[in-house]
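**Q** Here is my input; please provide its structure:
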Amino acid sequence: MQAWESDAITLFARKHSENDAILEVFSKSHGRISAYVFGGTGSKKRAFLEPGQIINVAWETKSPNYMGTFTRLETVVPISTIMHDAAALCAIKCACELMHEVLPAEMAIEPLYDATQILIESLTHDANWPAIYVRWEAGLLTHTGFGLDLTECALTGVKDDLAWVSPKTGRAACKAAGEPFKDKLLALPQFLIDANTVIEKGDIADGLALTGWFLERDVLGQGHLNMPETRARLIYALGRADKL
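**A** Here you go, the predicted model:
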């Protein structure tokens, strides 16, 4: 018998047999893992299967050759408070879909888990959560091996006034050096460099364009995967709420 307990973020669930379900979570200590939830389609457990919740799970298996079972599910941070917010709901569902698609199975990535928990909690109380979401996508790039290099200008080596990113290399360029090539570069919003920067109109759109370019080309493209449709709905919802 093998067993463990961990906080986890629900990613994806599907029905298994008439009454049961298979739930995939991103756990803090064991990474992305799936297990049976007996009675998972019933009214008492169905709510635990919604993507984006932080729960505490108990997992066990009789043999490492078989899928385990979640024997206990307890809510830590629910998402019920954001059900009325279309943009926030799209943000967490998109994050869960991306992790479901690209994270390796059973590999703990605690910094990404912590960042995702911060994102989920920010959706309920922080008006600047769209910037936190963009930073989360930038972090996902890093943890999948395709991080952006925003430390210095690739053309001059200066570390100040960075304003652009090369779509080819993911490296930053300062405003002066990149200005002649701006039509071929991606805009770099300052909140990705300094979290204390005041977010200006258009910054979130620029940030989503930047991270989306590299997620589609490098992360999803490696596996011939498409960007989740939820991300387009997120951008639409943010636009309607005047948060881009």
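**Q** Only C-alpha atoms from now on, for both contacts and neighbour counts.
**A** Noted.
**Q** continuing past the longest helix belonging to the chain, what's the next helix or strand?
**A** Taking DSSP state H as the criterion, the chain has its longest helix at helix 86-102. With elements assigned by DSSP states H and E, the helix or strand that comes after helix 86-102 is helix 110-122.
**Q** Pull out the buried residues from the helix or strand immediately after that following helix in the chain.
**A** For helix 110-122, the following helix or strand on the C-terminal side (DSSP H and E) is helix 129-143. Buried residues in helix 129-143, counting neighbours by 16 or more other C-alpha atoms under 10 Å, are found at 129-141.
**Q** Could you dump these into TSV with pLDDT added?
**A** TSV is the format used below for the buried residues of helix 129-143 (pLDDT from 0 to 100):
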residue	pLDDT
Trp129	95
Pro130	96
Ala131	96
Ile132	96
Tyr133	97
Val134	97
Arg135	97
Trp136	97
Glu137	97
Ala138	97
Gly139	96
Leu140	97
Leu141	96
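**Q** Could you report the pLDDT at Ser43?
**A** Note on Ser43: pLDDT of 67.
**Q** what's the answer for Thr69, then?
**A** For Thr69, the model assigns a pLDDT of 87.
**Q** Same question for Thr156.
**A** 89.
**Q** which residues touch it?
**A** The contact partners of Thr156, by C-alpha atoms under 8 Å, 6 or more residues apart in numbering, come to 173-174, 177.
**Q** go on, Pro167?
**A** When contacts are counted by C-alpha under 8 Å, 6+ apart, Pro167 touches 184-186, 213-214.
**Q** before we move on, what about Leu238?
**A** Shown in contact with Leu238 (C-alpha under 8 Å, 6+ apart): 87, 244.
**Q** quick one, the helix or strand where it lies and helix 86-102 angle?
**A** Taking DSSP H and E as the definition, Leu238 sits inside helix 229-240. Counting by axes from the mean of the first three to the mean of the last three C-alpha atoms, to 10 degrees, helix 229-240 lies at 160 degrees to helix 86-102.
**Q** Quick one: mean pLDDT for helix 229-240?
**A** According to the model, helix 229-240 has a mean pLDDT of 96.
**Q** ok, and for it, which residues are buried?
**A** For helix 229-240, by 16+ other C-alpha under 10 Å, it's 230-231, 233-238.
**Q** now stretch 29-43
**A** 29-41.
**Q** Can you lay out these as a markdown table showing secondary structure and distance to Met99?
**A** A markdown table is the format used below for the buried residues of stretch 29-43 (DSSP: H, G, I helix; E, B strand; the rest coil; distance: C-alpha to C-alpha, whole Å):
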| residue | secondary structure | distance to Met99 |
| --- | --- | --- |
| Ser29 | coil | 15 |
| His30 | coil | 14 |
| Gly31 | strand | 10 |
| Arg32 | strand | 8 |
| Ile33 | strand | 11 |
| Ser34 | strand | 13 |
| Ala35 | strand | 17 |
| Tyr36 | strand | 19 |
| Val37 | strand | 20 |
| Phe38 | coil | 24 |
| Gly39 | coil | 25 |
| Gly40 | coil | 22 |
| Thr41 | coil | 23 |
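**Q** Looking at pLDDT only, which of these scores worst?
**A** Ranked by pLDDT, the buried residues of stretch 29-43 bottom out at Gly40 (68).
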